[in-house]
Every structure is written in structure tokens, then in C-alpha cells.
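Visitor: after the sequence you'll find the predicted model.
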Amino acid sequence: MVVLSQPALSNFLLLKTCKPTPLFTGIPVVDLTDPDAKTLIVKACRDFGFFKLVNHGVPLDFMANLENQALTFFRKPQSDKDRAGPPDPFGYGSKRIGPNGDVGWVEYLLLNTNPDVISPKSLFIFRENPQIFRAAVEEYIRAVKNMCYVVLELMAEGLGIAQRNVLSRLLKDEKSDSCFRLNHYPPCPEVQVQALNGRNLVGFGEHTDPQIISVLRSNSTSGLQICLTDGTWVSVPPDQTSFFINVGDTLQVMTNGRFKSVKHRVLADTTKSRLSMIYFGGPPLSEKIVPLPSLLLKGEKSLYKEFTWWEYKKAAYTSRLADNRLGPFEKSAAD
Ligand SMILES: C=C1C[C@]23C[C@@]1(O)CC[C@H]2[C@@]12CC[C@H](O)[C@@](C)(C(=O)O1)[C@H]2[C@@H]3C(=O)O
Ligand SMILES: O=C(O)CCC(=O)C(=O)O
Ligand SMILES: [Fe+2]
């Protein structure tokens, strides 16, 4: 990551600062081996759109191995990393998030997870880096996807839907439009010497994830915050052995608002670097995103206009991070 000169850093800080919050102890925890897991998942998705998953069955080695490979990549000289960018949206990016002017104290690799449509940028990254990097990514994603199917099947059961695979089938589909992101937040010691009046530098600005579900694993550096339903921001205690599951916008629509996509953001740390890896499970591009019919009560209407994932994604990529992306797809009283 390029070290910014003092004036450039100040501009950056002026753009993106916010108040720190203490670590929150109320994040719901779901044990995947608990016979009640399906009920706990549904409750957490209704109340928070977010939960921590333990006893998930993904080998810790896979996480550690990928973390090491990712750090090897991020420690390369800037000029080497830049050869894997700029992101299109796949590839290596630094400080610029998305195409519409968002910035953050972060560098990242964005990869697509469908081997049939692997983007030229992703192929380039793997060609230019040792095979073990690709193997670590593939091993990790395979295990996380399988775990994610189990979570989505329990979710469907917990919602009382007879067709257990009503959600998981969308990610299992060979055309599933899912992606994978490695985020590296270097420490920003310059902040220590700046008078920030107790405020923090934003690594990744507030947003909701557009897909169905996001599965996040980070190292032990804190920084992730979620917004509770009353609008309060709380800090998530990190746990490198667990996953954090986010409800995305698409799942909000498919549950007709029963689950809310969780607003979240990341604050940079002044002393420790944060490394996170996130699998974003999305449906095939042609999939119509509508509330699950078996979930709708008698007479209950969809809160949303009908759209395909492709239409939603297109709109998302013209939005800024903090925009309410579902807003334009909500039905008005006149609809
Ligand atoms: C500013 C943007 C970055 C983003 C595309 C967008 O226009 C709005 C959504 C952003 C987001 C958030 C979740 C994921 O990190 C991501 C890959 C996604 O699918 O939507 C990013 C997009 C990105 O970084 O390209
Ligand atoms: O890096 C993190 O911990 C979260 C980042 C995030 O929310 C995202 O990439 O969509
Ligand atoms: Fe996110």
C-alpha cells in the first residue's frame, strides 16, 4: 500500500472519520451442531441480520493457510500488486472501493468464485503468484461454500419452508454469481500523531452487501462494526476461529423484509493490520428476486418490485457504498 504524504493523508482523514465504540457482547452466536441451530439462525437474522457461527466444521488450517498466502501477496512491492489491478471489479484495488468515488484505508483482491467464468484479472493474479495461493483460495472456498449450504438449508427449515434447498440451490447453481474478497487493512500509525479528537479512520465505509449471504472470517484485529436495528453502531469482537454471517439485500427481499440486510463498516486500527476474507453468495444473474412464495402469508403482498439479480447488480454498481440500494426497488403506496 502506498504511504500517503501528510497533506494527502489529511484529505483522506477529512473524508472518512467516525467515533469509536466499545466491543459489543450481544452478538448472537449459533453453534452449527446445536439441534436448535435453525431456530437460532432465524432469530438472529430477524433481530440483527448478523450472527457469529461456531462449530462450523471448516478446518482452521484452511483459514490460516489462506491468511498466510494473502499476506504474502499484500507484502509484495506496490508495483507488483498494481499489475493485478485496477479492479474491473475483479483484481487488486487499493483505497478506491467500487467505481463511484468511495475510498477507504484498505487494499484488496476481489475474485469471482465460479471456475467457468473466472475473470481474466483473477487468472492473471493466479498466474503471477505461486500455485499454492490458488490452491489455498480454492480449498477455502470449497469448504466455506459447503458450510454455507448447510446454513441456508437450516434457515429454510427454520422459516418453516418444506423445500430445504430453496435458498441453497441458488448458490449451488453452476451459474451462481458469487465472489470472494480478501481485504487487508494496514495499520495507520500516522493517525496516532494526528489530532483526531477521538475519531477513527474508516477502512471500509458503511454499506449493506447486495447478495444473499456473506460469510466473513478475519484475523484477531477488531474493526468490524454493525448497525443495530435502533441505529446504534457497535463493534464486533473479532474471533479468528469463527465465521460472521451477514444477511444481504437479496435475502431481505426473498424474506419480504422479515430479515434485514445488516449495515456494517470497518474502522482501521492504528497498530495492527486486519486481514479479512469474505465469500459473497449470490444467485445466477437471470434469477428473479421475489419473496419466497411459501413464506408469504395469505393476502401478503411483496414489498418490492420484481427484478432479476442482474438488474439489481447493475444498479448496485452505479451506487455509492452508503446508498440505500434497495430503495428504488421498494413498492410505493401507488404500486
Ligand atoms: C461502491 C461499490 C463497491 C461495491 C459496488 C458498489 O458500487 C456498491 C456495492 C459494493 C459491494 C459491497 C459488498 C462487496 O464487498 C462488493 C464486492 C459487492 O458486491 O458490493 C462491493 C462492490 C465492490 O467493491 O466492487
Ligand atoms: O473487511 C471486512 O471485515 C468487511 C468488509 C466488507 O464488508 C466487504 O468487503 O463487503
Ligand atoms: Fe460488506
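Guide: Cool, got the structure. Ligands and ions are numbered 1, 2, ... in the order given.
Visitor: how about N100, what does it touch?
Guide: 318-320 (C-beta atoms under 8 Å, 6 or more residues apart in numbering). For the C-beta atoms, the positions are set from N, CA and C on the backbone; glycine is no exception.
Visitor: check F307 too.
Guide: 288-289, 329.
Visitor: how does it look with 10 Å?
Guide: Each residue near F307 by C-beta atoms under 10 Å, 6 or more residues apart in numbering is listed here: 253, 287-290, 313-315, 328-329.
Visitor: neighbour-wise, which one of these leads?
Guide: Most neighbours among these, by other C-beta atoms under 10 Å: V253, with 26 neighbours.
Visitor: so it, which state does it fall into?
Guide: helix (DSSP: H, G, I helix; E, B strand; the rest coil).
Visitor: so it makes contact with P291?
Guide: Yes: counting by C-beta atoms under 10 Å, V253 touches P291, with 6.7 Å between them.
Visitor: which stretches of the stretch 51-200 of the chain have low pLDDT?
Guide: 115-118, 190-198 (pLDDT under 70).
Visitor: residue boundaries of the strands in it?
Guide: 91-97, 102-112, 179-185, 200-207 (DSSP state E, counting those that start in this stretch).
Visitor: need phi/psi at the most centrally placed residue in the chain.
Guide: By C-alpha atoms, centre = their mean, the mean C-alpha position of the chain lies nearest to S214, the distance being 4.7 Å. Backbone torsions for S214, taken as degrees, to the nearest 10, come to phi -120, psi 140.
Visitor: do I have it right that it meets N246?
Guide: Yes: taking C-beta under 10 Å as the definition, S214 is a contact partner of N246 at 4.1 Å.
Visitor: which neighbours do those two have in common?
Guide: By C-beta under 10 Å, 6+ apart, S214 and N246 have these common neighbours: 50, 208, 261-262, 264, 278, 280.
Visitor: contacts with ligand 1 among those residues, please.
Guide: For ligand 1, the contacts drawn from these by C-beta under 6 Å from any ligand atom are F280.
Visitor: who in the stretch 51-200 of the chain is up against ligand 1?
Guide: 89, 97-98, 100, 102, 110, 179, 181.
Visitor: returning to that earlier point: nearest to L71 among the shared contacts of S214 and N246?
Guide: The closest of the shared contacts of S214 and N246 to L71 turns out to be I278 (C-beta to C-beta; 16.2 Å).
Visitor: need the contact list for that closest one.
Guide: With C-beta under 10 Å, 6+ apart, I278 has these contacts: 108, 110, 144, 179-183, 209, 214-218, 243-244, 246.
Visitor: and ligand 2, which of those reach it?
Guide: 181, 183, 209, 216, 218.
Visitor: beta partners for V234?
Guide: Listed by DSSP bridges, the beta-bridge partners for V234 are I226.
Visitor: state the distance from it to I27.
Guide: 8 Å (C-beta to C-beta, to the nearest Å).
Visitor: neighbours around L23, how many?
Guide: 11.
Visitor: go on, D61?
Guide: Neighbour tally, D61, other C-beta under 10 Å: 10.
Visitor: for N65, grab the count of nearby residues.
Guide: Residue neighbour count, defined by other C-beta under 10 Å, stands at 18 for N65.
Visitor: contact partners for it?
Guide: Per C-beta under 10 Å, 6+ apart, neighbours of N65: 59, 132-133, 135-137, 139-140.
Visitor: mind doing that once more with 7 Å?
Guide: A136 (C-beta atoms under 7 Å, 6 or more residues apart in numbering).
Visitor: roughly how far does it sit from G49?
Guide: 30 Å.
Visitor: again with S222
Guide: Where G49 is concerned, S222 sits at a distance of 20 Å (C-beta to C-beta).
Visitor: those two: which is more packed in?
Guide: Neighbour totals were compared for S222 and G49, and G49 leads with 25 against 17 (other C-beta under 10 Å).
Visitor: hmm, the residue nearest to the centre of the chain is touching V247, no?
Guide: No: between S214 and V247 there is no contact under C-beta atoms under 7 Å: 8.4 Å.
Visitor: what are the phi and psi values at the residue of the stretch 151-300 of the chain found nearest ligand 1?
Guide: Nearest residue of the stretch 151-300 of the chain to ligand 1, counting by C-beta to the nearest ligand atom: D209, 4.4 Å away. Torsion angles at D209 (phi, psi; degrees, to the nearest 10) stand at phi -90, psi 130.
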